[in-house]
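Peer 1: No sequence on hand, only this structure:
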């Protein structure tokens, strides 16, 4: 066994990464322009797109980037998921097929609408929801499929959309972990009935 494997770095072993030579990046990168724009909005006190120009501008630019007709800013990705599920009128007793590999907000949004999350297993190579597993879990109570594009990798959307079409199901894409990712030339969030993002 090598010396570095004998002890963890925290216990006095040799670190794998020399932070002096290769520091971790500071995320997120916020410059003075960002700070000035946020302060301007906060001082004005208008934090929605109803009368706030910055939010409306953001929605237009976000929609244009994704090639979508509309974008609606919400307070969080969780809120976006909750709103999309509610807009589809999914509620008590309805089932929503999703993945077990996701941030808890995906399942929370289903539960907040009093619906039932049904887990479909994932592809072991991509960690994205398996369309074959989705197909096996559709019942007469299923109302939607909620694929999560994990770690920047888009789900295999063609078969998911086919399953949805065959069973008249909504598709609500959770894109919180895959901003800008594309599937066959289309950006995530633009293939289903709704795409939900988190900034």
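Peer 2: Noted; the coordinates are in hand. This one's a predicted model, so the numbers in the text were calculated from it and none came from an experiment.
Peer 1: and the end-to-end length of stretch 124-142?
Peer 2: For stretch 124-142, the first and last residues are 24 Å from each other (CA to CA, to the nearest Å).
Peer 1: Quick one: distance of that stretch to the chain centre.
Peer 2: Its chain's C-alpha centre and that of stretch 124-142 lie 17 Å apart, by CA atoms, centre = their mean, to the nearest Å.
Peer 1: What residues sit buried inside that stretch?
Peer 2: 128-131, 134-135, 137-138, 142 (16 or more other CB atoms under 10 Å). The way it works is simple: take the backbone N, C-alpha and C, and place the C-beta from them, glycine included.
Peer 1: Columns distance to residue 14 and pLDDT on top of those residues, output as TSV?
Peer 2: Below are the buried residues of stretch 124-142 laid out as TSV (distance: CB to CB, whole Å; pLDDT from 0 to 100):
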residue	distance to residue 14	pLDDT
128	36	97
129	39	98
130	40	98
131	44	98
134	45	98
135	49	98
137	47	98
138	52	99
142	52	99
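Peer 1: Among those, name the ones in helices.
Peer 2: If you go by DSSP state H, these have 131, 134-135, 137 in helices.
Peer 1: pretty sure residue 33 belongs to a helix, no?
Peer 2: Yes. Assessed with DSSP: H, G, I helix; E, B strand; the rest coil, residue 33 lies in a helix.
Peer 1: Show me where the chain has its strands.
Peer 2: Along the chain, counting by DSSP state E, strands occupy 95-98, 116-119, 142-146, 170-174, 182-183, 186-187, 194-196.
Peer 1: between these, which gets nearest to residue 11?
Peer 2: Proximity to residue 11 (CB to CB) singles out strand 116-119 among these, at 37.2 Å.
Peer 1: Name the residues that touch the closest one?
Peer 2: Here strand 116-119 makes contact (CB atoms under 8 Å, 6 or more residues apart in numbering) with 93-100, 107, 110-111, 137, 139, 141-142.
Peer 1: on that earlier part again, list just the nearest of the buried residues of stretch 124-142 to residue 149.
Peer 2: Residue 149 lies nearest to residue 128 out of those, by CB to CB, at 6.9 Å.
Peer 1: residues in contact with that closest one?
Peer 2: Residues in contact with residue 128, defined by CB under 8 Å, 6+ apart, are 99, 122, 147-150, 153-156.
Peer 1: so how far is residue 175 from it?
Peer 2: 12 Å (CB to CB, to the nearest Å).
Peer 1: list the residues that contact both of these two?
Peer 2: residue 149.
Peer 1: low-scoring pLDDT stretches of this structure, where are they?
Peer 2: 1-5, 17, 19, 22-27, 49, 52 (pLDDT under 70).
Peer 1: redo that, cut-off 50
Peer 2: 1, 3-4 (pLDDT under 50).
Peer 1: now the helices for it?
Peer 2: Remark: helices assigned in the chain by DSSP H are 3-6, 32-44, 53-66, 77-87, 104-112, 131-137, 157-167.
Peer 1: how about CSV for those, with distance to residue 197 added?
Peer 2: Putting the helices of the chain into CSV (distance: least, CB to CB, whole Å) gives the following:
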stretch, distance to residue 197
helix 3-6, 40
helix 32-44, 18
helix 53-66, 8
helix 77-87, 6
helix 104-112, 12
helix 131-137, 22
helix 157-167, 16
